[in-house]
Every structure is written in C-alpha cells, then in structure tokens.
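Colleague: All I have is the shape, not the residue letters:
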C-alpha cells in the first residue's frame, strides 16, 4: 500500500522536471547563438585596431627605445622589417657597438643572431629585450591571431567612449598571457593596454600616443610602457620612417641574415 501511494507524487515530479527542461532549452539555445556574434564583434574591433598600429602588407620602420631606470636613461635604435604577423627581422642600428645583432621571427619561433656566435640562439617572445620592452613587443606586435578577444564593456576616457577588450592567449607561446585593450569607438584607435602574467598579475601598462600619418594611415608613433611592479621605471618607443616594402620570403631566412651582419 505504501508503494502505491508514493508512486504518483514521484511521477508528478518527474513530469514537472521534464517540462521545466523543455521550457529552458530555447533560452539556452538563444544564448549559444549570441556568443559567436559577440566574438565576431570583438574580433572585428581588434583587427581594425591592429591595422591602425601596423600595415597588413610588408613594411619597414625604425624604432628608438629610451628606458628610464633608477635615474639613468638607456637608448637603443632598431630597424624592423615585417611581413604579416609571421615574419619579422629586428636589427640593432644604435649603439654602433651592438650592430650586427639581429632577431629573426618565423611564426612564433624567435632566434638571436650575434656576430661573435656561430649558431643562432633560440629566445622567447616574452623575454625582456630592454627595460619594459619584451622581444615580442617588437617582433610580433599584432594581437590578432595570438589572442581570443572578448568585449568586456565600454568606458569613457578623455571625453570619448572606448571599447574595453579582454585578450586571452591562444597558447603559452605568445608574449603575454592576458591583455586588456582600450580601443576608441569612434575611430578604432588603440588608447591604452594592460599586460598580465600567467598568475594574472599586472606586469605593465602601455599608452598609445602622438598619432601621425605613416604608410597611408594615422598611427601611434609614441608608446609609453610603465612598469606596474616598480614605480617610476618606463620605456618609451618612438616609431619613425615607416614605409611599405615588398619583402620576399628569402629575407626572413637564416642564410639571408648572414648578409646583413
């Protein structure tokens, strides 16, 4: 008798649960459809910001880096040859004592060539080049392809609305684990960025400044990178003489670099 009495309530609860699941399923589906649209919106914003920072075609640009640390300034000048986001050569122009040192990036593989060393040395994108500047900041500067973007919010800076993008690394081979990027909603210009470690610690900040016409586009010619862990330490990158170049694939080979040393 007890079993006969208790069965109907259990059956009723089971039917109610099935009805609830059926009712919620369309809602879950609608959220699943919204996510790809949001991803595409964020990816489009990131691509347009990257195209403002650097040309999609092959190009050459000179970069001067001045690092301030403990009251002392250290300055070096580099020339970058880049083709897409997969092939880059970085040559030291100044000081004269460092000439002949060249970095070569192929995909996410990076080597340092030094005149006094017979074989190239494998180095990492995240390794520090000088001051607050990592190797990847010069060799692989575009975010598209290295990060999965997500639109977090909009924020007002200097009287204008900005998209705030969260960029999460596609794998551990990229320069930073996580980046927050502020992009102007009106003109797609990057305004500032925050760079985070694998443990989600803020490493440094960057502001994109002094937009000037270069290679057919108004681009930031001055980047200020500030150490978030040690106050007062910063590196200033100044870009100049950017021009489009037809760079054949042979330029980005170890054999070709021996001719540049």
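Modeller: On my side now, so go ahead. Since the structure is predicted, the reported quantities are computational estimates derived from the model, not experimental observations. Numbers count the residues shown, from 1 in each chain.
Colleague: What ranges does this structure have for its helices?
Modeller: 2-53, 135-139, 254-260 (DSSP state H).
Colleague: Would you mind pulling up the elements that the second one packs against?
Modeller: Meaning helix 135-139. strand 87-94, strand 102-106, strand 109-113, strand 128-130 (3 or more CB pairs under 8 Å, 6 or more residues apart in numbering; DSSP states H and E). Using the backbone N, CA and C atoms, a C-beta is placed for each residue, glycine as well.
Colleague: Now do it: everything it contacts.
Modeller: For helix 135-139, the surrounding residues in contact (CB atoms under 8 Å, 6 or more residues apart in numbering) are 63, 78, 80, 88, 90, 103, 105, 110, 123-129, 174-176, 225, 237.
Colleague: same check, this time on stretch 161-175
Modeller: Residues outside stretch 161-175 that contact it (CB under 8 Å, 6+ apart) are 42, 45-46, 108, 125-126, 134-137, 140, 143, 145-156, 176-186, 191, 198.
Colleague: try 7 Å this time
Modeller: With contact meaning CB atoms under 7 Å, 6 or more residues apart in numbering, stretch 161-175 is reached by 42, 45-46, 108, 125-126, 134, 136-137, 140, 143, 146-155, 176-185, 191.
Colleague: Off-centre distance for that stretch?
Modeller: 6 Å (CA atoms, centre = their mean, to the nearest Å).
Colleague: Start and end of that stretch, how far apart?
Modeller: Counting by CA to CA, to the nearest Å, you get 28 Å between the two ends of stretch 161-175.
Colleague: Can you mark which positions in that stretch are buried?
Modeller: By 16 or more other CB atoms under 10 Å, the buried positions in stretch 161-175 come out as 162-167, 169, 174-175.
Colleague: Report the two of these separated the most.
Modeller: 162 and 174 (23.4 Å; CB to CB).
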